[in-house]
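# Got a predicted structure plus its sequence, pasted below:
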Amino acid sequence: MNETARQLTDAELRALEEEYDPEARFRTVLRPVAILTGVILFLLSVYHFYTAGFGIPRATTHRGLHMGVSLFVIFLSFAAFHRDRHKTTGFVILGIPVYDWLFAIAGAVSSFYVPWIYDQLAFRVGNPLTLDIVMGTLLLVTLMEAVRRSMGWPLPVIAALFIAYAYWGRSMPGILVHPGADWNTIINHLYLTSQGIYGTALGVIATYVFHFVLFGVMAQKIGLGQLFIDLATALTGRFSGGPAKVSVVSSAMLGTISGSSIANTVTTGALTIPAMIKIGFKRHFAAAVEAASSTGGQITPPVMGAVAFLMVEYLGIPLRTILIAAIVPAFMHFFGVLVQVHLEAKRLGIRGLTKEELPKAGKVLREGWLSVAPLILLVWMLMSGRTPFLSAFWAIAACMAVYLIQRIMASGVLGGIKETAAGIFEGFVSGARQSLSVTAAAALVGVVIGIVTLTGVGFKIAFMVTSVAASGAADFHAFLGFLPFELFTVQTLTLLFTLVMTAVVCILMGCGVPTTANYIIMVAVAAPVLGMMNVEPLVAHFFVFYFGVLADVTPPVALAAYAGAGIAGANGFKAGNTAFRLSMGKAMVPFVFVFSPSLLIVTQAFTLPDFLLAFTGAVLGIVALSAAITNWLLGPLWVVERIVLVLAALLLIAPEPISTALGLAILAAVTARQYLGSRDTPAAAAP
């Protein structure tokens with residue numbers, strides 16, 4: 001039996017989140033600066049809450065105001081170097097270095113400049129003034145520095161490379177060559193048009209995402225997150241490996257209101273990881289279960305991080321269509337983790353929680369049912385066709401009403417009102433603070449998108465990838481010529497090779513770039529690749545999104561897994577490898593819905609028979625692959641059984657009747673042999 005993990009304190013958990021999540025590494029500031037930034041962030045939340053309910057101003061004004069305020073606070077909240085976030089050196093004002101004040105002012109002024117001259121832009125675009133170029137250059141520099149401080153180096157480096165590509169286009173090799181653009185042209189396109197910094201990415205953050213981040217914070221404040229954990233414990237804790245199943249189910253529930261993998265890992269992992277270790281799971285496995293489960297929050301409706309709202313803008317389809325499309329793939333991810341957890345618990349003979357350790361589901365719901373009301377209201381409004389920001393407005397208002405009722409019941413009328421006011425202020429500040437990094441990242445991603453539209457490099461990359469895939473597919477098809485029948489057509493192999501290359505690029509890009517930024521870049525660069533293969537746009541967008549998310553549990557930059565390992569006291573790399581294995585369902589399903597779009601329900605190609613075939617095949621394929629990986633189905637597996645189960649999984653997930661039937665036959669044969677055969681080998685003892 002493993003040594004019980006120590007329960008970490010709140011301070012230790014915050015330190016752990018800061019260690020692995022750059023967005024949480026806020027500097028220590030003096031009280032006057034804390035008050036200043038707190039008031040600014042509160043007012044920013046109030047502004048967004050008001051505009052969500054009563055109307056959003058002109059797009060450029062709205063985006064510029066949001067970005068300017070965010071940049072100002074970023075330079076006061078994030079130190080130039082993480083090692084200096086708890087100390088200050090050199091010439092300072094109120095404990096903040098002078099250069100940070102200059103950066104903060106420069107970021108705000110250059111952001112407000114475009115809304116200020118908006119009425120003159122019709123006469124300036126294409127013929128910018130010197131002041132326009134100066135302001136645009138200033139904003140570009142401050143954006144890169146803001147993202148470097150709050151998210152790290154990768155995204156600024158990518159943006160700089162794209163700018164260099166635009167500037168030195170004549171020197172590029174082969175198909176990548178283009179006429180090039182001078183600095184004035186680059187700044188004009190990125191700064192004064194809606195194709196760059198002030199484009200769709202920033203607009204989605206300022207118009208949709210901010211409100212849902214704020215809703216998530218307020219929902220946590222009224223106890224919805226704890227309710228999910230308690231309810232998951234009551235429903236699943238008694239089964240084999242109970243705490244691990246609680247981790248999966250509670251993370252799935254928590255994912256409905258939060259899109260942060262690392263924050264979810266720390267929040268639920270503080271309770272579930274020590275419990276998993278206590279009943280016998282290895283430390284790295286406990287960390288991996290929590291990380292893999294928490295990563296699923298980014299693909300779980302209705303919030304899905306920021307990506308659902310970006311899809312609305314890019315694809316021009318209703319949000320409810322995207323939320324419906326996300327249901328089955330999200331289920332497949334959590335189902336895959338749950339199956340592996342169950343088989344691992346059976347293999348090790350790990351018990352569930354005792355009756356005394358379990359809360360009562362009825363009692364949990366009776367005491368916390370009011371906390372669920374805002375989420376139900378949000379989902380109902382979204383599915384009834386209301387705009388996302390109006391839905392968020394009423395959901396946030398409902399959270400505040402619930403919080404007021406809870407505080408009055410706990411502390412009386414006067415005390416409750418006072419506590420509610422303090423709680424709302426704290427929640428609004430926290431919600432705005434959580435949006436700072438993603439705002440800067442979205443604006444900087446606008447630079448990448450702007451360069452793509454300026455140079456046309458996206459279609460050039462698409463041509464290169466499809467050409468390589470077609471060549472490889474032709475060679476592999478020729479290699480299979482010895483078979484007496486045609487197993488795959490050249491067209492199918494070309495699409496498969498294209499998907500594999502796209503998936504690898506998405507994972508590699510996601511290793512250093514946050515999910516939202518990764519998705520936006522890949523939509524500009526990789527989605528055209530799939531478009532050239534006649535993949536439906538919604539399917540292509542979901543494909544690149546899912547593999548970008550997978551980077552959070554893919555070593556060597558599996559930040560969610562490392563955060564879980566910090567709680568468990570385990571080896572981070574080992575936890576990352578295990579979390580990637582647990583996420584195999586997420587890795588397989590995108591290939592299924594490309595070849596059978598019916599799995600997304602709302603696609604043009606949907607038919608019920610195709611959906612049932614793809615769904616059944618995916619579920620059974622996940623079971624087969626999980627058994628092969630875990631080395632347990634109804635008992636220990638022979639080596640040859642593990643090999644044929646992998647083959648069965650591949651046949652089952654191919655949404656085609658013959659391959660599904662073959663895979664089912666193999667799975668049934670292995671299951672029957674285990675059920676009928678006598679096995680003398682006992683289950684492995686728990687470590």
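Done, it's in.
# what comes up buried for the helix or strand where residue 652 lies?
Taking DSSP states H and E as the definition, one finds residue 652 inside helix 639-653. Within helix 639-653, the residues that count as buried by 16 or more other C-beta atoms under 10 Å are 641, 642, 644, 645, 646, 648, 649, 650, 651, 652, 653. For glycine as for every other residue, the C-beta is placed from the backbone atoms N, C-alpha and C.
# Tell me where the stretch 301-450 of the chain has helices.
307-315, 319-348, 361-383, 388-434, 436-455 (DSSP state H, counting those that start in this stretch).
# most tightly surrounded among those helices?
By mean neighbour count, with neighbours taken as mean count of other C-beta atoms under 10 Å, helix 436-455 ranks first of those at a mean of 26.
# What helices and strands are in contact with it?
On a contact count with 3 or more C-beta pairs under 8 Å, 6 or more residues apart in numbering; DSSP states H and E, helix 436-455 meets helix 59-77, helix 130-151, helix 154-167, helix 183-191, helix 200-204, helix 515-525.
# Mean confidence (pLDDT) on the shortest one, please.
In this model, helix 200-204 has an average pLDDT of 91.
# Name the surrounding residues that touch that helix.
59, 62-63, 66-67, 306, 309-310, 312-314, 439, 442-443, 445-446, 449, 520 (C-beta atoms under 8 Å, 6 or more residues apart in numbering).
# what's the burial count for residue 175?
By other C-beta atoms under 10 Å, 13 other residues sit near residue 175.
# before we move on, the earlier item: out of the helices of the stretch 301-450 of the chain, the one nearest residue 277 is which?
helix 319-348 (12.5 Å; C-beta to C-beta).
# Which neighbouring elements make contact with the closest one?
Against helix 319-348 (3+ C-beta pairs under 8 Å, 6+ apart) you get helix 242-254, helix 283-295, helix 307-315, helix 361-383, helix 537-549, helix 572-582, helix 584-595, helix 608-630.
# Return the distance of that helix from the chain's centre.
15 Å (C-alpha atoms, centre = their mean, to the nearest Å).
# How about stretch 518-533?
On C-alpha atoms, centre = their mean, the centre of stretch 518-533 falls 17 Å from the chain's centre.
# Give me the buried positions along that stretch.
Neighbour-count burial for stretch 518-533, counted by 16+ other C-beta under 10 Å, picks out 518-531, 533.
# Closest one to residue 492 out of these, please.
Once C-beta to C-beta is applied, the member of the buried residues of stretch 518-533 that ends up nearest residue 492 is residue 533, at 10.5 Å.
# shouldn't the closest one be in contact with residue 497?
No - counting by C-beta atoms under 8 Å, residue 533 stays clear of residue 497, with 10.0 Å between them.
# wait, isn't residue 230 in contact with residue 364?
Yes - proximity of residue 230 to residue 364 meets the contact threshold set by C-beta under 8 Å, at 4.6 Å.
# which ones are touching residue 199?
Applying C-beta under 8 Å, 6+ apart, the residues near residue 199 are 446, 449, 450.
# can you rerun that using 6 Å?
residue 446 (C-beta atoms under 6 Å, 6 or more residues apart in numbering).
# Can you tell me the closest non-neighbouring residue to residue 498?
Once flanking residues are discounted, residue 498 sits nearest to residue 469: 4.2 Å by C-beta to C-beta, 6 or more residues apart in numbering.
# Next: residue 533.
Counting by C-beta to C-beta, 6+ apart, the residue nearest residue 533 is residue 495, at 5.1 Å.
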